[in-house]
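Engineer: I would like to see how this sequence folds:
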Amino acid sequence: MPATITCSACGTVLGIPKKGMPKDGLSCNWCGYVNLPPAADEPKPEPIRSPVPSAAVQATERASIPPPKATPRAWADDEEDNGLPYVIPKGEIRERKCESCGKEVEITSVVCVHCGYDSSTRQKAERTYTPIDREWEAGWSFELRFGIFLGCLALDAGSVVLGLLIEGALPTTVCGLIFAIALQAFVLGTYDRVRIRRNKKGQAEIIVTWRGCFIPLAPKKLNWQEHEGVAFGHYDAIGSSDWIILLFLLPMILPAILFWVYVIRSDRFFAALARDRGYPATYLYRGMSETKAKEIAQTASDATGLPLNNPIS
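Structural biologist: The predicted model follows:
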């Protein structure tokens, strides 16, 4: 409370006693006007404060606020990046995710090409495939190879008989004769056979079986799922092993000539499972038959669904 008041009648400044303002008023010493004590200030009501929401409530309120929509912009618009994700215009969207398997399919497709789910009927169609079961042998067939091998054995036996009749001795040593027979069996009887098959459910497998000296080895199933496609092409490279085989065949004129004509000199073609943008990672066929290479490549693509890296005419 102030120590003085002003007289309401004459304006004289009056001192307030130390005991305080009298309840019946303070008379003015100048004009005698009794100045009533001023009304006490009414306490102002305190504002009602709302309780502070908890952290969980604040997080819920923030989540309920929709995020700002990003406007489609050009890909090169990096200098004006506002931190929002880029939005592809609806007219440029070409694919969508299958509701069943989640893989990408064309936006206009009704049936998923991966799992057979029909988006119009909300059901998965039972897909059936045409069974495939074909096999090819590299180069000549087993019957032809074995027939030629028997012919070579007859020539070897004939040379031994002629040597005994004419000279009275063997034309070569026993070790040399055994080596020649083994070499003939290796050249004629070492090759591979590829088998490609698919059942009605679409399960496909590619099996390669090697023969060494006409003896079948354990078949090997290829993991074609690790590859990206099927490749076909012309194979010109001659390896060092081919020249080594030719050197071993030089003492036997006829096998050396046949190997030169059919292996070294002739063009060769291949069919293979490809990886890394068309690189032939796993060969299915390497030989002189262009027709056979095309058949194997096309059949492998049809059975597995892997795309052909180059069209086959």
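
Engineer: and this structure, what are its domain boundaries?
Structural biologist: Using automatic domain parsing, the domains assigned to the chain come out as 94-127, 132-304.

Engineer: who touches stretch 115-127?
Structural biologist: Applying C-beta atoms under 8 Å, 6 or more residues apart in numbering, the external contacts of stretch 115-127 come out as 98-101, 103, 110-112, 202. (Glycine included, C-beta is placed from N, CA and C.)

Engineer: among those residues, who's most crowded?
Structural biologist: Using other C-beta atoms under 10 Å as the neighbour criterion, residue 112 leads these with 22 neighbours.

Engineer: which of the domains of the chain sits most buried?
Structural biologist: Most buried of the domains of the chain by mean neighbour count (mean count of other C-beta atoms under 10 Å) is domain 132-304; its value is a mean of 15.

Engineer: got the end-to-end distance for it?
Structural biologist: Using C-alpha to C-alpha, to the nearest Å, one end of domain 132-304 lies 10 Å from the other.

Engineer: chain center to that domain, what's the gap?
Structural biologist: Using C-alpha atoms, centre = their mean, to the nearest Å, the distance from the centre of domain 132-304 to the centre of the chain it belongs to is 34 Å.

Engineer: take the contacts of stretch 115-127 and write them to a markdown table, including secondary structure and pLDDT.
Structural biologist: Output for the contacts of stretch 115-127, formatted as a markdown table (DSSP: H, G, I helix; E, B strand; the rest coil; pLDDT from 0 to 100):
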| residue | secondary structure | pLDDT |
| --- | --- | --- |
| 98 | coil | 85 |
| 99 | coil | 79 |
| 100 | coil | 78 |
| 101 | coil | 82 |
| 103 | coil | 82 |
| 110 | coil | 79 |
| 111 | strand | 81 |
| 112 | coil | 82 |
| 202 | coil | 85 |
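
Engineer: give me the distance between residue 279 and residue 212.
Structural biologist: As judged by C-beta to C-beta, to the nearest Å, residue 279 and residue 212 stand 28 Å apart.

Engineer: this completes my enquiry, with thanks.
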